[in-house]
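Participant: Let's see this in three dimensions:
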Amino acid sequence: MSALLVLAVSGCGKGPADTPTGVPSPHVLPPPVAPAPKPKPAPAVPKTTGALDLNAVPLDEALPLISKATGQPVVVVPNAKANAHCARVTLAAPEGTAIVLVRAKLANAIASSGLRLETSSVLFVSMRPDARIADATCEMHEPPKADPSSLDDLAWKNRQAVDSEKIRFIREGITLRSEGNYDVTEAALSVLSESQEIMMMQARILPSYAADGTSTGITLYGVRQDSLLAHMGIRNGDAIRDMNGFDLATPEKAFEGYAGLKTAETVTLHGERDGKPLTLTYHIGGRAKKPVDEMR
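Facilitator: All right, here's what the predicted structure looks like:
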């Protein structure tokens with residue numbers, strides 16, 4: 001028996017020329033043929049739905065036209081509106097031009113005007129901290145002296161201005177459908193999913209634990225009545241257990257659920273409020289009957 005096992009093992013892998021009779025060994029199987037991989041379809045390149053032909057057009061007038069052609073909302077931060085009014089844009093793009101090219105040309109025009117373009121699902125135009133500032137007559141004035149402390153302070157103020165506009169944009173895109181049910185525009189959800197650092201500043205988020213010490217999700221503290229979270233139906237002390245079925249007991253699952261927001265049609269939170277079950281549902285892309293503030 002041992003000799004037969006040795007013979008069987010030693011014969012594996014030999015071809016016809018390796019056997020005394022030239023007959024293929026019965027122990028040799030033909031290698032499996034891997035199926036040819038299916039070619040992946042090339043991702044669709046977003047393109048403009050209309051032509052753009054702008055010749056020295058004021059930036060604040062050009063942005064709505066660019067937004068309409070590209071389908072991307074554009075927001076000008078309040079402290080950048082004077083510069084945006086005085087800046088001029090020259091941009092030509094026939095219908096069907098890749099949106100990324102339009103954004104690149106726009107970014108160049110904006111940079112030369114002392115402004116900055118933050119490109120995401122929504123375009124935010126803000127001031128550069130070292131940029132000259134336009135007055136009502138479009139006369140440009142030098143910024144404060146460029147010492148490190150003043151530039152850091154201006155950069156922080158500009159960041160705060162952009163974040164405030166993002167919060168306003170998200171807030172305006174969320175409306176109440178019925179108790180615990182909200183309609184959210186796709187653009188608002190996109191900005192929300194891209195603004196984790198802003199959302200982290202809206203409340204103190206602490207882990208929740210069951211009586212046996214098991215993690216059960218998160219609890220939100222310090223939620224102000226006029227905050228974005230309150231506008232979304234969340235109250236101080238709410239405990240959230242899961243989001244769209246993703247357990248929030250671990251950071252890994254929480255980030256996994258958060259990452260799926262961009263493609264979700266509905267976002268549902270389950271948890272507890274004052275010891276009672278809590279469900280908050282957000283319908284993406286729907287239209288609400290009344291704004292939230294009118295129904296409170």
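Participant: For the rest of this, base every contact and every neighbour count on C-alpha atoms.
Facilitator: Will do.
Participant: which ones are touching Asp135?
Facilitator: Neighbouring residues of Asp135 by C-alpha atoms under 8 Å, 6 or more residues apart in numbering: Ala82, Asn83, His141.
Participant: next helix or strand past the lowest-mean-pLDDT helix or strand in the chain?
Facilitator: In the chain, no helix or strand scores lower on mean pLDDT, DSSP states H and E than helix 2-11, which sits at a mean of 33. Going down the chain from helix 2-11, the next helix or strand is strand 52-58, by DSSP states H and E.
Participant: partners of that next one, with directions?
Facilitator: Using DSSP bridges, strand 52-58 pairs in its sheet with strand 88-93 (antiparallel).
Participant: List the contacts of the strand it pairs with.
Facilitator: Defining contact as C-alpha under 8 Å, 6+ apart, one finds that strand 88-93 is touched by 51-59, 62, 102, 105-106, 109.
Participant: could these be laid out in JSON lines, adding neighbour count and pLDDT?
Facilitator: Output for the contacts of strand 88-93, formatted as JSON lines (neighbours: other C-alpha atoms under 10 Å; pLDDT from 0 to 100):
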{"residue": "Ala51", "neighbour count": "16", "pLDDT": "88"}
{"residue": "Leu52", "neighbour count": "21", "pLDDT": "91"}
{"residue": "Asp53", "neighbour count": "16", "pLDDT": "92"}
{"residue": "Leu54", "neighbour count": "17", "pLDDT": "91"}
{"residue": "Asn55", "neighbour count": "12", "pLDDT": "93"}
{"residue": "Ala56", "neighbour count": "12", "pLDDT": "91"}
{"residue": "Val57", "neighbour count": "17", "pLDDT": "92"}
{"residue": "Pro58", "neighbour count": "17", "pLDDT": "92"}
{"residue": "Leu59", "neighbour count": "24", "pLDDT": "92"}
{"residue": "Ala62", "neighbour count": "22", "pLDDT": "92"}
{"residue": "Val102", "neighbour count": "19", "pLDDT": "89"}
{"residue": "Lys105", "neighbour count": "16", "pLDDT": "86"}
{"residue": "Leu106", "neighbour count": "19", "pLDDT": "88"}
{"residue": "Ala109", "neighbour count": "20", "pLDDT": "79"}
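Participant: what's the closest of these to Asp247?
Facilitator: Using C-alpha to C-alpha, Val102 is the member of the contacts of strand 88-93 that lies nearest Asp247, at 40.5 Å.
Participant: Distance check, that closest one against Ser178.
Facilitator: Val102 is 40 Å from Ser178, where distance means C-alpha to C-alpha, to the nearest Å.
Participant: Over to Met243?
Facilitator: 19 Å.
Participant: Those two - which one has more neighbours?
Facilitator: Set side by side, Met243 and Ser178 show more neighbours around Met243, with 23 against 14, by other C-alpha atoms under 10 Å.
Participant: can you pull the pLDDT of that one?
Facilitator: Looking at Met243, its pLDDT is 90.
Participant: wait, isn't it in contact with Gly271?
Facilitator: No. Using C-alpha atoms under 8 Å, Met243 is not in contact with Gly271, being 9.2 Å away.
Participant: Could you pick out the longest helix of the protein?
Facilitator: Ranked by residue count, the top helix of the chain under DSSP state H comes out as helix 148-172.
Participant: Quick one: residues in contact with that one.
Facilitator: 75, 77-79, 124, 126-130, 144, 188-189, 191-192, 198, 228, 231.
Participant: make it 6 Å
Facilitator: Outside of helix 148-172, the residues within contact range by C-alpha atoms under 6 Å, 6 or more residues apart in numbering are Pro129, Ala188.
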